[in-house]
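[1] have a look at this prediction, sequence included:
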Amino acid sequence: MHRNPEKNKTRGQLVYIRTFGCQMNEYDSERMEGLLSRDGYDPVERPEEAAILIINTCSIREKPEEKTYSEIGRYRDLKKECPDMILIVSGCVAQQRAEEIIERFPAVDAVIGTHQVGEISNIVSKIRKGRGPIVAVDFSDDCRIDSYPRRHGSISAFVTITQGCDNFCSYCIVPYVRGRESSRTSGEIIRDIEELVAGGTAEITLLGQNVNSYRDPERGLEFPELLECVSGIPGVRRLRFTTSHPKDLSDRLVSAFERIDTLCSHIHLPLQSGSSRVLAEMNRKYTKEEYLEKIDALRSARSDLAVTTDIIVGFPGETIDDFGQTLQVMEQVRFDGAYSFKFSSRPHTKAARLTDTVDENEKSRRLTILQELQKEHTLLANRLHVDTIKEVLATGTSVRDPEVITGRSVHNKVVNFNGRYEDIGTLIPVKIIEARNNSLLGEAIHNHSIRSM
Ligand code: 5AD
Ligand code: SF4
């Protein structure tokens, strides 16, 4: 499984990509890696060995944006030792701050915005011909995401179905750095998936900022219908999607959890706040009650559904009472996991014009309380799996212990288990014996049929 292509390659043919942020960025990094592979470049795991260094950046909050600058500084120092190295900054910070990056860091050869990722080969070839620095940040209303050469044999893969976002949640920079929402045609999506499956992929995750608002530009197909089409492709053994916006979660999508067996028992449904007043200020277009109704409907459709979420604390004007309501919703839903963040003011957004009323200490205090509560809930949710047998998609060995195999259950829980190296890249029944805070521990049962689970 483990690739080590750099062994036979010289520096001139190696690329290192450092990725920050969301799955969309991971997808873009994979896309750049795939496109460059056509030109003979292989990925390398150590930046000092590479001929091309790409920093794929995230601007969702202030912290990851700051990281961009420290990373550029680090790679600029590497480039001093090896002046032929090509240094590229791509992604959301690149989109937003291209001129500033070029001015501040003369070592940067190109800045590539979110709609220009597909141009990576052309840009590298221009730099090789001595042109630069290149600024490629043009934005189009209908950004195409073409298929690209994929790494073969990856057991699990992302397939982008929509790009951009039209929701304009008042705190969020995404619509400004990724542009208007556009959907790929179902034909292209299905072709991508058929190719992946033929190459050995068993699990497909459909990806978009808001997958529920998918609409096939040619056939008008909507998201639940797309899910059905994809589930019908022979060889797709597991199907996932992310991210869903609660306001667009239709009854038809809810009932997909009843109808489609291969749809995994997990949904990521960002709550953001448990106070309807704050939700309105956030421009989320649902109330706390509506969110809770959706959760009930989902759990009626699939009783064991794992639910994870995103929550922001300290949004401008969030009172102690608002925060208390968020904790209350958490008690009611009992999320399997939550990504939680302190509000971070972002340029261009509506919330940036509001007074940041919650000071930094108070934001930290609220975040700690929320995270402690979530830790309890996650452990309780994980314990429900002990003494059951779960199908695990084994993806590799544990970082902590290379003797231990690791993978994910249908509930999207990390499962570390005693198994064989041959299990990697397969779906395998695992008896769960212990629940930890962030994972489950188990033992592979090699003679157990997955069908009986
Ligand atoms: N401040 C804090 N968190 C944010 N998120 C998005 N924008 C901000 C912001 N300005 C969070 C939301 C979103 C997740 C990807 O990041 O919770 O769902
Ligand atoms: Fe940002 Fe809201 Fe779009 Fe999600 S739905 S990307 S939070 S604007």
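    Right, received. Where do you want to start? Ligands and ions are numbered 1, 2, ... in the order given.
[2] contact residues of this protein facing ligand 2?
    C165, N167, F168, C169, C172, V174, P175, Q209, N210, H245 (Cβ under 6 Å from any ligand atom). From N, CA and C alone the C-beta is placed, and that goes for glycine too.
[3] can you pull out the strands in the stretch 1-150 of the chain?
    All strands of the stretch 1-150 of the chain, identified by DSSP state E, counting those that start in this stretch, fall at 14-19, 42-43, 52-57, 86-91, 110-112, 134-136.
[4] can I get these in JSON lines with distance to E318?
    Below are those laid out as JSON lines (distance: least, Cβ to Cβ, whole Å):
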{"stretch": "strand 14-19", "distance to E318": "31"}
{"stretch": "strand 42-43", "distance to E318": "43"}
{"stretch": "strand 52-57", "distance to E318": "28"}
{"stretch": "strand 86-91", "distance to E318": "29"}
{"stretch": "strand 110-112", "distance to E318": "36"}
{"stretch": "strand 134-136", "distance to E318": "38"}
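[5] quick one on the thing from earlier: mind checking which of the residues of the chain next to ligand 2 are buried?
    Using 16 or more other Cβ atoms under 10 Å as the burial test, the residues of the chain next to ligand 2 include C165, N167, C169, C172, V174, P175, Q209, N210, H245 as buried.
[6] of the strands of the stretch 1-150 of the chain, which is nearest R346?
    Evaluated with Cβ to Cβ, those place strand 52-57 nearest to R346, the distance being 13.9 Å.
[7] for that closest one, which outside residues touch it?
    The contact list for strand 52-57 (Cβ atoms under 8 Å, 6 or more residues apart in numbering) reads 14-21, 25, 28-29, 32, 36, 41, 47, 64-65, 68, 71-72, 75, 78-79, 85-94, 124.
[8] switch to 6 Å and redo it
    Outside of strand 52-57, the residues that reach it under the criterion Cβ atoms under 6 Å, 6 or more residues apart in numbering are 15-20, 25, 29, 47, 68, 71, 75, 86-94.
[9] would JSON lines of the strands of the stretch 1-150 of the chain with mean neighbour count be doable?
    Conversion of the strands of the stretch 1-150 of the chain to JSON lines gives the following (neighbours: other Cβ atoms under 10 Å):
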{"stretch": "strand 14-19", "mean neighbour count": "21"}
{"stretch": "strand 42-43", "mean neighbour count": "19"}
{"stretch": "strand 52-57", "mean neighbour count": "27"}
{"stretch": "strand 86-91", "mean neighbour count": "25"}
{"stretch": "strand 110-112", "mean neighbour count": "27"}
{"stretch": "strand 134-136", "mean neighbour count": "19"}
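[10] of the ones you listed, which is nearest E203?
    Of all the strands of the stretch 1-150 of the chain, strand 14-19 comes closest under Cβ to Cβ, at 20.1 Å.
[11] measure how the closest one sits relative to strand 86-91, angle-wise.
    With axes from the mean of the first three to the mean of the last three Cα atoms, to 10 degrees defining the directions, strand 14-19 sits at 30 degrees from strand 86-91.
[12] show me what strand 14-19 is packed up against.
    The contact analysis (3 or more Cβ pairs under 6 Å, 6 or more residues apart in numbering; DSSP states H and E) places strand 14-19 against helix 23-38, strand 52-57.
[13] for ligand 1, tell me which of the buried ones among the residues of the chain next to ligand 2 show up nearby.
    Within those, those near ligand 1 by Cβ under 6 Å from any ligand atom are C172.
[14] just the ones of the buried ones among the residues of the chain next to ligand 2 in helices?
    In helices, defined here by DSSP state H, the members of those are V174, P175.
[15] the buried ones among the residues of the chain next to ligand 2: which two are farthest apart?
    Greatest spatial distance in these: P175 and H245, 12.8 Å, computed using Cβ to Cβ.
[16] what strand or helix carries the residue in the stretch 301-450 of the chain that ligand 2 sits nearest to?
    Using Cβ to the nearest ligand atom, the point where the stretch 301-450 of the chain gets nearest to ligand 2 is D310, with a distance of 7.9 Å. Mapping D310 onto the secondary structure by DSSP states H and E places it in strand 306-313.
[17] distance from the helix or strand that that strand is followed by to the middle of the chain?
    Sequence order places helix 320-333 as the next helix or strand after strand 306-313, per DSSP H and E. Taking Cα atoms, centre = their mean, to the nearest Å, one finds the center of helix 320-333 at 26 Å from the center of the full chain.
[18] same check, this time on stretch 308-323
    So, by Cα atoms, centre = their mean, the centroid of stretch 308-323 is 22 Å from its chain's centroid.
[19] what is the mean pLDDT for it?
    For stretch 308-323, the per-residue pLDDT values average out at 98.
[20] same check on stretch 205-222?
    Mean per-residue pLDDT for stretch 205-222: 95.
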